[in-house]
Every structure is written in structure tokens, then in C-alpha cells.
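Student: Predicted model follows, preceded by the sequence.
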Amino acid sequence: MTITAGTVVAMAIVLVATILTRDAEDDPGRAALPGPTDERAPAGLARYYHQEPAWVRCGRYLCTTLRVPLDYAKPRGATIGLSVRMLPAKDGDTDRLLFVNPGGPGGSAVEYVPLFAGLMSSRMREDLAVVGVDPRGVGTSAELECLRPRELDGYLERRPTPDDAAAERAWMQRAPRLSEACRRESGPILDHMSTQESARDLDVARAALGQRRLTYYGASYGTQLGATYADLFGERAGRLVLDGGVDAGLRRRALVQEQTRALQRGLEAFLRWCARRDDCPLSDDAAEAQREIVAIVDAASRKPLASDGDLRAAGEASVLRGMAFALSARRTWPALVVALTRAGFDDGTAFRQLDDAYVQRDADGQYDNNSVPSGVAVRCLDDPTQVGADEVRTTTAPELESVSPVFGRYQAWSSTLCTGWKARGEVQRRVEARGAGPILVVGSTRDPVTPYVWSERLADDLASAVLVTRRGDGHTSYGQDTCVDRRVDDLLLDGRAPRRDLVCRGGSR
């Protein structure tokens, strides 16, 4: 599976979010709940923009389903449902809504609501209701169905660095076979999961929930969704925070190259940290430590590392995914120390646990949601770049292996993610967001998932954006730094953005 923008934040939800079930028998009443604006809807879309949400209680939350057209070019045609979860402000108020998205693509915004609420300051919780809208095809919104769990296991466990013709053929069959399965199980929605279509859905949700302008926080891929919204609906884009920016116009070859460099910087930061610990199983010399990690990866590629109990063994793909997942936040670095230590004794237990958390696979072999196939579907509609095996073998793999001995070959072969994908839709375009309200782009200098340079470019592209830089490690910044948190709160609550780009140099939360 490709390590792509936003995946880590979306997958981390399973570790921290409490998911409450819907109780449709408990009617919360409608008088004080959000309903549609009276604005003039775009041509042909009035029944969507003016729909009345049917709210029900779902634990601490309020839930509803909104209807949107499957194809915005055919608004009178088939419709699909979008799942919505709202956590009212502490005083029960639902007038001021903050829409949130965790990224992925493929991450569930509905599941993200409790996680984001846990990051909010007390002032934010007092004043803002938090709303998650699962993007089309994702989570419980007109869910994209593709593979049964064991089939998805096979997709994910395929050796990611093929070294002979047979292994190359097997790898290159992944995309067409997955898309064929999605088409067979889910039909036309496969062609309608682009970021631009999800941004149009977000505008329907904004209007149907009574907001004149959108207030929004997006993490990782959620920054691409938010920036695309602001580009399509500039006058309706109010206060936006884009945390862990994605360069929306970047094509796959450049994306993989830049992300490989970011992963390498993240790994080097981890190695420096690890060398200061008594329990670090690696050499103090960074180059030798990387050779030791490569030896572990190579061993797992030859024979998966056995795991304890009923856990599956950890092959090469699991070791690399688990490592990337652990690098995404300093708080998970100790888990990587444990995984590397055990792997040195041919024990893959900890790497398997990290990888299962990453792809949201439980102990019974079930996947908590459809984030893997839906994430691929979105990426392949947004950027259908076809990269061939010859190009990877002769050019990309040697180049990226020189950048990162650990992740280079894996990243190189991941550039073929959409080669042979059998669906086409709206391709992502560059964004400018003219007419939008204040936009805060937040980037961390050693983000291993969305490289800092992406946040710089995104802030440059957006007409009303300023860049807040956090000097530090890890993917995204809100909830990790008091300086960042203060700027985010100021914008979302009061509409106050810094007059110029600024750098936060500490103040961990």
C-alpha cells in the first residue's frame, strides 16, 4: 500500500476514537437543530441544498444522512447518501459549526469527530459544534465495496519490491484487479469519488446545515479537500485551517520522490533519538543503523517474521508500513524501538500490530472500514498517472534507493498505484481559492508523510493563505504545539489570522 498524503492520520483514528452506535429511536427534536439556508442554490441542485436533515441521537452525538447527486452533471439522476455526525458545543449550541476531515483519502470524518474534539481547547469546545461528513464512497457514506477481508489481506501482503519478472507481473496486476472488484461490487460510484466531487458535497452539507460560509479544519489529505472547496466556492469559504498541507497539483512521480525524502528525514530524526536511548537495538552510527534496518526488511521479504499467538506473520510490506506508521508521530517512536528489537530476533509481532493498526484490521481478520480501497479510488481519479514497471526498475527505484536505502524501492514501486486502474473521473487541478476568507496553512518541518515543502507551496497557491511553521517532527501540528494551537483557535473562533507567515519554535502541549 502506498504511503501517501494523509493516510497515517486517518488510520490512527482506530487507536484513539470512541465510536458510538446510532440509536434511531431517540428523536432529539428539530427546533434548535441545523436546517437549510434560504440561499439560492446552483442550477438544478435546489432539492439538495434545501433538504431538511432528519436528525437522530447517536450516543453523545447527533446524526443524519444527506442526499447528493451521484453525478453533478446529472442532478436529476441517481442519488447517494452522506453520513453526518455532529457533536454540539458544550452548551448544546449548534449554530456555529466546524466541519472537520482527517485526510486519507479514505479516512472517516464521522469517526474523526470524537478524536478532534479531544484536541480542541476549552474555548473551542464551548463555542463550536464539530461536524464530520464522510466523503462519498468512504466510511458509511455510500460505501465503496471491493474485496472480502481475505482478498484484501492478499492485496496488502503482496511483496512490494519485486525482483523478478513473475513478481513484477503479480505486483502490476494489483490495480486493475482491485478496480475490477470495486466495479463489480459497487458499480458507478467508482467513477465519482474525486476530490472535486467531494468538495461539491461539502458545499451541499454546508447549506443544508444552515451555514452561510464554511468553517473548516482539514488534516493531511483533508487540506487538499479544503483547498479544492475554497477554489470551487471561494465566496462561501469562510475560515479554513489546512494542517499538514498537500500540494494539490503535484503529479504522482514528483509526489513519490518528495515523500521519499520526507520519510528519510523522519527516519534520520528517529535514529538520532534512538541512539540516545539505552534500549535502542541499532548502531549509534546512522548509516550502519540503516543497514541493520535494511537487513530486517530483507529477512522479512525472504520469509515473513513469525508473530505471537494468532497474529499473522509480518512480511516485507507489513514491516515497511508499520515502520512508516510509527514514524508519523514521536509518541509512537517507542513502539518502533520495540518492533525493531523483536525483529532482530526474527519476531514480527510488534510490526504486525503496527501494520494492523495502520490498515485498521482487527484481531478477527475484519477491517474496521473501507479506507484502503476507497483511498486508492480517490487517488486514482484525482491523478490517473500510469507508471510502468520498466520505468520503475531502471530509473525510479535506483534513484529513490539512493535517497532512502530503507524506503526507496518500496516508494518507487508504489508509484504504480494506479497503473491499469479501470475508472476515470475529474482530475485534480491546482488551486487558487480567489475570494475565500482567511486560510491558515500549517506545516511541520520534519513531517514524514506530507513534506513541509507541500505546505509552503499550498500557502503560496492560495490567494488568502498564511503559513504557520512548526519546527519539529511528526505529521500535522494541531494539538502538539501551544503556539500553533493559539493561531488555529484565533482563526476558527475570531477570524484573526497572522498578518504574515510565522514560525512556532516550541511550546509542546
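Tutor: Yep, it's here. In this text, all values refer to a predicted model and were calculated from it rather than measured experimentally. Residues are numbered from 1 along each chain as shown.

Student: And the most centrally placed residue in the chain, how far from A423?
Tutor: Centroid-nearest residue in the chain: G104, 1.9 Å away (criterion: Cα atoms, centre = their mean). G104 sits 17 Å away from A423, taking Cβ to Cβ, to the nearest Å as the criterion. Where C-beta positions appear, they are placed from N, C-alpha and C, glycine not excepted.

Student: all strands for the protein, in order.
Tutor: 56-58, 61-69, 79-87, 97-101, 129-133, 214-219, 237-243, 439-446, 465-473, 502-504 (DSSP state E).

Student: How about the last one, which residues are buried there?
Tutor: For strand 502-504, burial by neighbour count (16 or more other Cβ atoms under 10 Å) applies to C504.

Student: Does anything pack onto it? Which helices or strands?
Tutor: strand 465-473, helix 482-494 (3 or more Cβ pairs under 8 Å, 6 or more residues apart in numbering; DSSP states H and E).

Student: Could you do the third one as well?
Tutor: With contacts taken as 3+ Cβ pairs under 8 Å, 6+ apart, strand 79-87 sits against strand 61-69, helix 109-119, strand 129-133, helix 195-208.

Student: what are the C-alpha coordinates of the shortest one, in CSV please?
Tutor: This means strand 129-133. What follows is strand 129-133, C-alpha atoms only, in CSV (Å, rounded to 0.1, in the frame of the first residue of the first chain):
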residue,chain,number,x,y,z
ALA,A,129,-20.1,22.3,17.3
VAL,A,130,-17.9,19.8,15.4
VAL,A,131,-19.3,18.1,12.3
GLY,A,132,-17.9,15.2,10.3
VAL,A,133,-19.3,14.3,6.8
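
Student: Residue numbering should commence at 18 henceforth.
Tutor: Okay, using 18 as the starting number, the last item reads as strand 146-150.

Student: Adjacent strands (with direction) for that strand?
Tutor: strand 96-104 (antiparallel), strand 114-118 (parallel) (DSSP bridges).

Student: Among those strands, show me which one is buried the most.
Tutor: strand 114-118 (a mean of 27; mean count of other Cβ atoms under 10 Å).

Student: So what touches it?
Tutor: For strand 114-118, contacts defined as Cβ atoms under 8 Å, 6 or more residues apart in numbering pick out 51, 103, 124, 126, 129-130, 133, 141, 145-150, 152, 219, 222-223, 226-228, 231-236, 238-239, 242-243, 509.

Student: In contact with T82: list those residues for me.
Tutor: Contacts of T82 (Cβ under 8 Å, 6+ apart): A71, G98, L99, S100, V101.

Student: So what sits opposite the last one in the bridge?
Tutor: Translated: V101. Applying DSSP bridges, one finds that V101 bridges with T81, V150.

Student: wait, it sits on T81?
Tutor: Yes: here V101 reaches T81: they are 5.0 Å apart, a contact under Cβ atoms under 8 Å.

Student: Overlap in contacts, these two.
Tutor: P70.

Student: circling back to that earlier point, save the strands of the chain as TSV, and put in mean pLDDT too.
Tutor: Converted to TSV, the strands of the chain look like this (pLDDT from 0 to 100):
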stretch	mean pLDDT
strand 73-75	95
strand 78-86	97
strand 96-104	98
strand 114-118	98
strand 146-150	98
strand 231-236	98
strand 254-260	98
strand 456-463	97
strand 482-490	97
strand 519-521	95
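
Student: Indicate which one of the ones you listed is closest to V273.
Tutor: strand 456-463 (18.6 Å; Cβ to Cβ).
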